[in-house]
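> Turn this into a model:
(chains A, B, C and D)
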Protein chains: 2
Amino acid sequence: MKPKDERKIQQIFQATLKLVEANGLAGITMSEIAREAKIATGTLYIYFKNKEDLLNALFSQCRRSAVAIYFKGYKEEESFKTGFKKIWMNLLSHRMQHFSEAVFIEQCNHSPFITENLKEVSKQQIQPLFILMERGKKEHWIKNADTTLLLTHIVGAINNVARYSHYHRKPLKPAMVKLLFELCWDGIKG
Amino acid sequence: MKPKDERKIQQIFQATLKLVEANGLAGITMSEIAREAKIATGTLYIYFKNKEDLLNALFSQCRRSAVAIYFKGYKEEESFKTGFKKIWMNLLSHRMQHFSEAVFIEQCNHSPFITENLKEVSKQQIQPLFILMERGKKEHWIKNADTTLLLTHIVGAINNVARYSHYHRKPLKPAMVKLLFELCWDGIKG
DNA sequence: AACATAAGTGAATATCTATTCAGTTAAAAG
DNA sequence: CTTTTAACTGAATAGATATTCACTTATGTT
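Numbers count the residues shown, from 1 in each chain, chains lettered A, B, ... in the order given. All right, here's what the predicted structure looks like:
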């Protein structure tokens, strides 16, 4: 049934991401996706059952790819601060280098297209980060606060900075990244 | 022409906000808005030229109301920390007590419905906060970093915490608010 | 090459949504 | 109370967009 030309699927995904970044989830149509991907609209329906199916598949891939980036090069045996900084950097890198994916994920979380189930599953993939933060508290590196609250604060700050940098075309220079990490670290440290 | 039954306009706005919070900007239709507001679809077009006009008017009102809340009770003559804490609290209160408006504003910023012009204008209304931050740097209360970057970090953290609290039905207890302010303050302080 | 199968196409159709308008009801004026 | 005006209604229309399908093109098999 469904052909598995991975190249074409990625072509469709890239087209969708580009359009969502430009026009928002509210603004995309199947024919636009097809045009952007340089295929016929009918072809979309060879690879995906319908629009909802396409968006869910893309959401799923974006989340998986995001999580892989978050933990790239992370080693549990390193010190808390080293590990935390690594993941913090990875989070920022992801938002900067895969901006359209980050936007897509965020918009999906407020959208009726993505099934609730898929939204939930995707959140459970960052367990190692929770574990690291718990360790940070035990070793008295950071404030003794609810882990989810800490992470929500941290991630929110990162997301917003990445958004700002993108929409205002202000690349983040190393000095700025260093400062941003300090804003975060000085905030959480115990 | 347009009648000015302010009560009915607010009814329409509230209905729209409710639906956007539930289904996202991508998911709303004029007939749903009308049903939610308990009026006929045709009536929407008595008060607004079209859908775009409705959303722009709502965006405009939401921004105005938001800015009013941010600076409520703020006095320039107070100390930096007092003033900053006041505005920080106001920001958080706004996101918590007017959550659907905050969601709407955020989604509009990634949407083709809202005119670029309106998006720009709305950003210039928070000048006093910029001025306060500049003062904070001069008086060596806070780190000497780009003001926009500082604010982007701070606001991103607040937004995300408010989102979390809402979607997970976890009210923010006073102790948590105190902690969140410390996360922010310890981060920026010089 | 001849055949069989899979992939791709895009105009045609079905579905959905914005917008209009002829008719109705409510409010205001005389 | 009658007339005039404004507000409102929701079914009908117009305009988009999702989805299908008869047909074409490409790929693989004998």
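
> can you list the residues of chain A near DNA strand C?
Taking C-beta under 7 Å from any atom of the strand as the contact definition, chain A meets DNA strand C at A:1, A:3-5, A:8, A:39-43, A:45-47. Heads up, the C-betas are built off the backbone N, CA and C, glycines and all.

> mind running it again at 10 Å?
A:1-5, A:7-9, A:11, A:26, A:30-31, A:34-35, A:37-47, A:112 (C-beta under 10 Å from any atom of the strand).

> near chain B, which of the residues you listed show up?
A:Ala26, A:Pro112 (C-beta under 8 Å from any C-beta of the partner chain).

> In strands only, show me the residues of chain A next to DNA strand C.
Using DSSP state E, no member of the residues of chain A next to DNA strand C falls in strands.

> among the residues of chain A next to DNA strand C, which ones are buried?
With neighbours counted by 16 or more other C-beta atoms under 10 Å in any protein chain shown, the residues of chain A next to DNA strand C contain buried members at A:Ile9, A:Gln11, A:Ala26, A:Met30, A:Ala34, A:Ala37, A:Ile39, A:Leu44, A:Tyr47.

> coming back round to it: so which of the residues of chain A next to DNA strand C also contact DNA strand D?
Restricting the residues of chain A next to DNA strand C to those near DNA strand D - C-beta under 10 Å from any atom of the strand - leaves A:Asp5, A:Ala26, A:Met30, A:Ser31, A:Ala34, A:Ala40, A:Thr41, A:Gly42, A:Thr43, A:Leu44, A:Tyr45, A:Ile46.

> Could you identify the pair within these that is furthest apart?
Using C-beta to C-beta, the pair of those lying farthest apart is A:Asp5 and A:Ala26, separated by 29.3 Å.

> Please report phi then psi for A:Ile142.
phi -130, psi 170 (degrees, to the nearest 10).

> Could you pull up the residues touching it?
Going by C-beta atoms under 8 Å, 6 or more residues apart in numbering or on different chains, A:Ile142 touches A:Phe80, A:Met133, A:Gly136, A:Leu150, A:Ile188, A:Lys189, A:Gly190.

> just checking, the third one touches A:Lys85?
No - taking C-beta atoms under 8 Å as the contact criterion, A:Gly136 and A:Lys85 are not neighbours in contact, 11.5 Å apart.

> who's more crowded, these two?
A:Gly136 (23 against 15; other C-beta atoms under 10 Å in any protein chain shown).

> Identify the residues contacting the more buried one.
Here A:Gly136 is in contact with A:Phe80, A:Phe84, A:Ile142 (C-beta under 8 Å, 6+ apart).

> Using CSV, lay out those residues together with pLDDT and distance to A:Val177.
Shown next, in CSV, are the contacts of A:Gly136 (pLDDT from 0 to 100; distance: C-beta to C-beta, whole Å):
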residue, pLDDT, distance to A:Val177
A:Phe80, 98, 20
A:Phe84, 98, 15
A:Ile142, 98, 20
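
> Reformat those as TSV; add distance to B:Tyr74.
Listed next are these as TSV, based on distance: C-beta to C-beta, whole Å:
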residue	distance to B:Tyr74
A:Phe80	38
A:Phe84	35
A:Ile142	31
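
> just checking, next helix/strand downstream of the helix or strand hosting A:Thr82?
Using DSSP states H and E, A:Thr82 sits within helix A:80-97. Sequence order places helix A:99-108 as the next helix or strand after helix A:80-97, per DSSP H and E.

> Neighbours of the closest residue to A:Phe181 other than its chain neighbours, how many?
Nearest residue to A:Phe181 in three dimensions, chain neighbours excluded: A:Trp88, at 6.2 Å (C-beta to C-beta, 6 or more residues apart in numbering or on different chains). Look at A:Trp88: counted by other C-beta under 10 Å, it has 20 neighbours.

> One more: A:Glu134?
The burial count for A:Glu134: 11, using other C-beta under 10 Å.

> pretty sure it is in contact with A:Thr148, am I right?
No - taking contacts as C-beta under 8 Å, A:Glu134 lies outside contact range of A:Thr148: 11.2 Å.

> got the angle for the helix or strand of chain A with the lowest mean pLDDT vs helix A:99-108?
The weakest-scoring helix or strand in chain A, judged by mean pLDDT, DSSP states H and E, is helix A:116-123 (a mean of 73). Orientation of helix A:116-123 against helix A:99-108 (axes from the mean of the first three to the mean of the last three C-alpha atoms, to 10 degrees) gives an angle of 130 degrees.
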